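Participant: Here is a sequence with its predicted model. Questions after.
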Amino acid sequence: MGKQPKLKQQKTSTVSAVQFTIGPLQSESAFWTKVRTYISRACYLGSRLIVFPEYLTGQLLSLHPPATNAEACEIMHGYTETYKRQFAGWSRETGMMILAGTHIHREGAPTNDGSALHYYNEAFLFLPDGRLHRHKKVHLTPEEQRTWPLLAGDRFETIDTPLGRVGIQICYDIEFPEGVRLQADQGAELILCPSYTDAAAGYYRVRHCSQARAVENQLYVALSGLVGQMPGVAQVDEGYCQAGIFAPCDRPFPPNGVLAQGPVNRSGLATAAADLEKLRYNRTEGAVAPFYDRRPELYRQAAAAHTSQ
């Protein structure tokens, strides 16, 4: 092989993905104190972005008597204003972007008979300048469809940030390649994947799909999740995760594409530099170029031919 072009270096942006421990709470303030501890740690490590897991505020259900899923949605909705105020303040104070996991909340006022309640599992991205970006989970899991009063989102958007263009995929969303491909076509260079999986099999589905999306779209993926146990809370009773920051399995990245990962199923952070210059080098000088070497017209023709049979 010939001599490779010299990689231009630039100041990198550090990203942290959280392995957030759940367990019984003694008070609401204990929850917010714990959240702040993760933020402080990421700030100490120089992170400009921290990613919390899906169902983050589900731990607050341990402060309440056992509830149905519908009741749990309304309980979590009751924390919405506090949730937004806390994270907005921390983002402004630390100068960090904070993907505050996901939070189940209601849109619209309840009716007298309790019908037509619109609950969403939604991610909130807080920026230090006060901007707030939101993304509703698009693909609800079979359990969320059967037993939760949740509505699905219907948009795949990207967000311009100081770290580059960012997309959000919530847990099960990452298992569908079409959404990330749409965001990559919109210029996404970093995908944030807050997740909640209660068993190893679910975690590895999300983990392997996160790495597949990084390879096929030649971008970064930051995966976070819940760990620990919370007896008595049926909605969020156990979590399994190993958070990670993933890149394409190609130069100039590690062969396995893993930039950082946390301890298996324990509290911690996965922290790594997301260098956009390296990503652009990979897209132009990597051994393969799956993002550019697609043949969409051929795919459309094949799909049309199959449909017509």
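Facilitator: Sure, I can see it.
Participant: the strands in the chain, which residues?
Facilitator: 13-22, 47-51, 97-107, 118-126, 132-136, 150-151, 158-161, 164-168, 190-194, 220-229, 238-239, 244-246, 258-261, 268-274 (DSSP state E).
Participant: Pipe those into a markdown table and attach mean pLDDT per row.
Facilitator: Shown next, in a markdown table, are the strands of the chain (pLDDT from 0 to 100):
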| stretch | mean pLDDT |
| --- | --- |
| strand 13-22 | 97 |
| strand 47-51 | 98 |
| strand 97-107 | 97 |
| strand 118-126 | 97 |
| strand 132-136 | 97 |
| strand 150-151 | 96 |
| strand 158-161 | 94 |
| strand 164-168 | 96 |
| strand 190-194 | 98 |
| strand 220-229 | 98 |
| strand 238-239 | 96 |
| strand 244-246 | 98 |
| strand 258-261 | 98 |
| strand 268-274 | 97 |
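Participant: Any chance of a markdown table for these, columns mean neighbour count?
Facilitator: C-betas here are computed from N, CA, C, even on glycine. Formatted as a markdown table, the strands of the chain follow (neighbours: other C-beta atoms under 10 Å):
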| stretch | mean neighbour count |
| --- | --- |
| strand 13-22 | 26 |
| strand 47-51 | 25 |
| strand 97-107 | 24 |
| strand 118-126 | 22 |
| strand 132-136 | 18 |
| strand 150-151 | 18 |
| strand 158-161 | 18 |
| strand 164-168 | 24 |
| strand 190-194 | 28 |
| strand 220-229 | 27 |
| strand 238-239 | 22 |
| strand 244-246 | 28 |
| strand 258-261 | 19 |
| strand 268-274 | 22 |
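Participant: would you turn the ones you listed into JSON lines with distance to L298?
Facilitator: Below are those laid out as JSON lines (distance: least, C-beta to C-beta, whole Å):
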{"stretch": "strand 13-22", "distance to L298": "35"}
{"stretch": "strand 47-51", "distance to L298": "36"}
{"stretch": "strand 97-107", "distance to L298": "36"}
{"stretch": "strand 118-126", "distance to L298": "34"}
{"stretch": "strand 132-136", "distance to L298": "31"}
{"stretch": "strand 150-151", "distance to L298": "36"}
{"stretch": "strand 158-161", "distance to L298": "26"}
{"stretch": "strand 164-168", "distance to L298": "25"}
{"stretch": "strand 190-194", "distance to L298": "26"}
{"stretch": "strand 220-229", "distance to L298": "27"}
{"stretch": "strand 238-239", "distance to L298": "42"}
{"stretch": "strand 244-246", "distance to L298": "28"}
{"stretch": "strand 258-261", "distance to L298": "32"}
{"stretch": "strand 268-274", "distance to L298": "33"}
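Participant: among those, which is nearest A72?
Facilitator: A72 lies closest to strand 97-107 among the strands of the chain, at 7.7 Å (C-beta to C-beta).
Participant: Given that closest one, what are its sheet partners and their directions?
Facilitator: strand 47-51 (parallel), strand 118-126 (antiparallel) (DSSP bridges).
Participant: got the CA positions of the last one in CSV?
Facilitator: Below are the C-alpha coordinates for strand 118-126, written out as CSV (Å, rounded to 0.1, in the frame of the first residue of the first chain):
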residue,chain,number,x,y,z
HIS,A,118,-51.1,11.6,25.1
TYR,A,119,-48.0,10.2,26.9
TYR,A,120,-44.6,10.1,25.1
ASN,A,121,-41.2,8.6,25.9
GLU,A,122,-39.1,11.6,24.9
ALA,A,123,-35.4,12.6,25.0
PHE,A,124,-34.5,16.1,25.9
LEU,A,125,-31.2,17.7,24.9
PHE,A,126,-30.2,20.8,26.8
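Participant: and the angle for it with strand 164-168?
Facilitator: If you take axes from the mean of the first three to the mean of the last three C-alpha atoms, to 10 degrees, strand 118-126 sits at 160 degrees to strand 164-168.
Participant: roughly how far is strand 118-126 from the heart of the chain?
Facilitator: 12 Å (C-alpha atoms, centre = their mean, to the nearest Å).
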